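Q: missing the sequence, but the structure's below:
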Ligand SMILES: O=C(O)CCC(=O)C(=O)O
C-alpha cells in the first residue's frame, strides 16, 4: 500500500507501517510482554489504561521463543493465512459493520482481525458522517449509532484475550496507541529563544535567513490566554461544528471523544473557518507584531485558508509536512505544550518520502512510530533537526519550506497562521506558478489562477514591490558570491577566469 499524504495543512493520512517495525518489536532478547508497565531496557512506558484492547496479540518475534511454535493467527484464517496482515485488514475494510461482526464469530483469528479499531474508526467516520457520540471505542460507537436499542455498556472493554496470536502489524498498532513519549525524545532543545526583540531584529536574524525561533512573552495581552479553556470554548461555540479530520463535530462532542480515545492517530480539531463560525474567537487574539506584514491580505476573501484553531489531546499532532504554498507560519500555544522537530528545506527527514512533484508525502503511520523508528537516526546527522517544546504563552516561527512534525504532550489549544511577508513574496509567487499548481496549491478552490490574481492584486496595491524584491535578490546573490583573490581571478580554477599561456 502506498503511504501518501497531500502536502498541505489538511490532515488526511493514509500511510503504511515502516519495515523497521519488525526490528523494533521483534528483535528483543526476551519475549515482549504487552502487560508489563515499563520496558526498563529501552525506557518505554505505557499509558495507563493502555492494556484495554490488545486481545493478547504479541509481536512476531515472540513466536520464535514460544515452546509450541503455534500461531493461532494462521489456523483461524483458513486459506487467507497466506496473506499479510496488512492485506487481511485491507480486505476487511470492504465489509460493513454487521459483516465484520458476523465474521468475528468465525474463529479467534477473525475475532482479533475484525476487532481492529482502525477498521471501526473508518466505518464510523465514513458512514456516520459526524452523527455519533464517541462511546468507549470506535466499535461500540458504531454499534451504538446503528443499533440505538443495543446496550453497548454490556460489551466488555478489554474483550477476549487470545493465546498464541503473533502479528507485528497488529501489535505495532496497539503499541503506538499505548506508548508514552520517551523522555529521551524530549531532551533536545536547540531552538534560539528570544524575548522582547524588535521587528527589525526578528527580520534580520530569523526571517531573512529563514531560521526558526521561539518567541516568548508576546501573547501576554491576548484575551484568549486568559479565557480559552474547555468550559469557555464549549459554552461559546455551543452547537457550531468544527472540522475534525474528515468530519465536523461540536467542540463538546470532540472533548468527549478525546477524553476516551486511546489511539495511534487521535483525531485532531483543525479548523480554518473558526473565526467565521464564531467571530468572537477571531477577536480574542492578535497577530504578534513580527508577522503583521502579510501580503496575502490583498486577496480579501479570496486568500487561501490561513488561520486555524487547533485542539487535540496528548499524542495528537501533525506528522511531517511543509507548509502550504511556500508560506511561513507562526504557531501560538494557548493551553498545553507541543514538541516540535524541524528540518531545513534541503534536508528530508528520515522516514519521509516526498513524491518528485512534491504533491504527496509518504511517512510512517503515526508520529510515535516516527519517533520509535527514525528519531534515533538524527542523533548522528551532521545537520541536526531544530527541536523544542513550545509551552503555553510561547510562539514558534516556522520559516517557509521547513519540514516539521508536532506532537501534543498534553491536551493543547493553539492558533496558527500562515502568511506571506515581502521577504517571502517571490518564493510564494514562484510556487503558485508551478506547472502542477492545480495539485500543489492548497487552501483555495481556484488553484490555477491564484498566481495571476495574487500578482495583479499585489501590483495594484504595492506598485513596484515585485521588481524591488527581484532587485534585492540579485544584490543578495552578488553579495553571497565569494570575492576572488587576484590569483584566483587569473588562473583557470574559476569559471570565467582567463588562461595565461607561458
Ligand atoms: O499541530 C500543530 O500544532 C502544528 C500545526 C502545523 O504543523 C501547521 O500548522 O503547519
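A: Here it is on my side, so go on. Predicted model, so just to flag it, every value in this text is computed and none were measured. Numbers count the residues shown, from 1 in each chain.
Q: check contacts around the residue nearest to residue 238 when sequence neighbours are not counted.
A: Excluding the flanking residues, the one nearest residue 238 by CB to CB, 6 or more residues apart in numbering is residue 250, at 7.6 Å. From N, CA and C alone the C-beta is placed, and that goes for glycine too. By CB atoms under 8 Å, 6 or more residues apart in numbering, the residues touching residue 250 are 237-242.
Q: Remind me which helix or strand whichever residue of the stretch 201-350 of the chain sits closest to the ligand belongs to.
A: Residue nearest to the ligand within the stretch 201-350 of the chain: residue 318 (3.9 Å; CB to the nearest ligand atom). Per DSSP states H and E, residue 318 falls inside strand 317-321.
Q: name the helices or strands packed onto that strand?
A: Contacts defined by 3 or more CB pairs under 8 Å, 6 or more residues apart in numbering; DSSP states H and E place strand 317-321 against helix 367-373, strand 403-408.
Q: Including mean pLDDT, could the ones you listed go into JSON lines?
A: What follows is those, written out as JSON lines (pLDDT from 0 to 100):
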{"stretch": "helix 367-373", "mean pLDDT": "95"}
{"stretch": "strand 403-408", "mean pLDDT": "98"}
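Q: Now the ones you listed in a markdown table, please, with extra columns for mean neighbour count.
A: A markdown table is the format used below for the helices and strands packed on strand 317-321 (neighbours: other CB atoms under 10 Å):
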| stretch | mean neighbour count |
| --- | --- |
| helix 367-373 | 23 |
| strand 403-408 | 24 |
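Q: Between the ones you listed, which one is closest to residue 188.
A: helix 367-373 (12.0 Å; CB to CB).
Q: what about that closest one, distance to the chain center?
A: Mean-position distance between helix 367-373 and its chain equals 12 Å (CA atoms, centre = their mean, to the nearest Å).
Q: how about that helix, does it get close to the ligand?
A: No - judged by CB under 6 Å from any ligand atom, helix 367-373 stays clear of the ligand, getting no closer than 9.7 Å.
Q: Select, out of the helices and strands packed on strand 317-321, the one closest to residue 226.
A: strand 403-408 (21.1 Å).
Q: What's the separation between residue 312 and residue 172?
A: 22 Å (CB to CB, to the nearest Å).
Q: Same question for residue 165.
A: Residue 165 is 14 Å from residue 172, by CB to CB.
Q: pLDDT score for the residue nearest to residue 238?
A: Here the pLDDT value assigned to residue 250 is 97.
Q: The one 5 residues further on too?
A: With respect to pLDDT, residue 255 has a value of 98.
Q: Same question for residue 8.
A: 47.
Q: Now the phi/psi pair for residue 347, please.
A: phi -120, psi 110 (degrees, to the nearest 10).
Q: Let me see the contact set for the residue nearest to it when sequence neighbours are not counted.
A: Take residue 347 and drop its neighbours on the chain: the residue closest to it by CB to CB, 6+ apart is residue 383, 5.3 Å away. Residue 383 is in contact with 343-344, 347, counting by CB under 8 Å, 6+ apart.
Q: Secondary structure element holding residue 383?
A: In this assignment (DSSP H and E), residue 383 forms part of neither any helix nor any strand.
Q: Equivalent analysis for the one 5 residues further on, please.
A: Following DSSP H and E, one finds residue 388 within strand 386-391.
Q: other SSEs contacting that strand?
A: strand 328-335, strand 337-343.
Q: possible to save the helices and strands packed on strand 317-321 as CSV with distance to residue 98?
A: Formatted as CSV, the helices and strands packed on strand 317-321 follow (distance: least, CB to CB, whole Å):
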stretch, distance to residue 98
helix 367-373, 32
strand 403-408, 36
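Q: Need the residues that contact the helix ranked longest in the chain.
A: Ranked by residue count under DSSP state H, the longest helix found in the chain is helix 465-480. Helix 465-480 is contacted from outside by 422-423, 425-426, 429, 455, 458-459, using CB under 8 Å, 6+ apart.
Q: Which two of these have the greatest separation?
A: Top of the distance list for the contacts of helix 465-480 (CB to CB): 423 and 459, 18.0 Å.
Q: Which one of those two is surrounded by more residues?
A: residue 423 (17 against 14; other CB atoms under 10 Å).
Q: what about the nearest residue to the more buried one once chain neighbours are set aside, how many neighbours?
A: Among residues not flanking residue 423 along the chain, residue 207 sits closest, at 5.5 Å (CB to CB, 6+ apart). The local packing of residue 207 (other CB under 10 Å) involves 23 other residues.
Q: Now for residue 401, which secondary structure element holds it?
A: Short version: residue 401 belongs to no helix or strand, going by DSSP H and E.
Q: thinking again about what came up before, please name the residues that touch the closest residue to the residue of the stretch 201-350 of the chain closest to the ligand other than its chain neighbours.
A: Of all residues not flanking residue 318 in the chain, residue 406 sits nearest, at 4.7 Å (CB to CB, 6+ apart). Shown in contact with residue 406 (CB under 8 Å, 6+ apart): 317-318, 331, 338-341.
Q: what is the rounded mean pLDDT of the helix or strand containing residue 413?
A: For residue 413, the element it lies in under DSSP H and E is strand 412-419. Regarding strand 412-419, the rounded mean pLDDT is 98.
Q: Just the buried residues of the contacts of residue 250.
A: Buried subset of these (neighbour count, 16 or more other CB atoms under 10 Å): 237, 241-242.
Q: and these, which of them are in strands?
A: Using DSSP state E, the subset of the buried ones among the contacts of residue 250 located in strands is 241-242.
Q: now, among the buried ones among the contacts of residue 250, which is nearest to residue 373?
A: Nearest member of these to residue 373, counting by CB to CB, is residue 242, at 32.1 Å.
Q: and that closest one, bridged to which residues?
A: As for beta bridges, residue 242 partners with residue 249 under DSSP bridges.
Q: ok, now how distant is it from residue 443?
A: On the measure of CB to CB, residue 242 and residue 443 end up 17 Å apart.
Q: Looking at the contacts of residue 250, which is nearest residue 194?
A: Closest approach to residue 194 among the contacts of residue 250 (CB to CB): residue 242, at 32.5 Å.
Q: Could I get the contacting residues of that closest one?
A: 248-251, 254, 269, 271, 274, 277, 309.
Q: Produce a ChimeraX select command limited to the buried residues of those residues.
A: A single ChimeraX command selects the buried members of the contacts of residue 242 (16+ other CB under 10 Å):
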select :248,249,250,251,254,269,271,274,309
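Q: Could you export the contacts of residue 242 as a markdown table, including distance to residue 114?
A: What follows is these, written out as a markdown table (distance: CB to CB, whole Å):
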| residue | distance to residue 114 |
| --- | --- |
| 248 | 28 |
| 249 | 26 |
| 250 | 30 |
| 251 | 32 |
| 254 | 27 |
| 269 | 29 |
| 271 | 33 |
| 274 | 38 |
| 277 | 38 |
| 309 | 36 |
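Q: Neighbours of the closest residue to residue 303 other than its chain neighbours, how many?
A: Nearest residue to residue 303 in three dimensions, chain neighbours excluded: residue 296, at 4.4 Å (CB to CB, 6+ apart). Neighbours of residue 296 under the rule other CB under 10 Å: 23.
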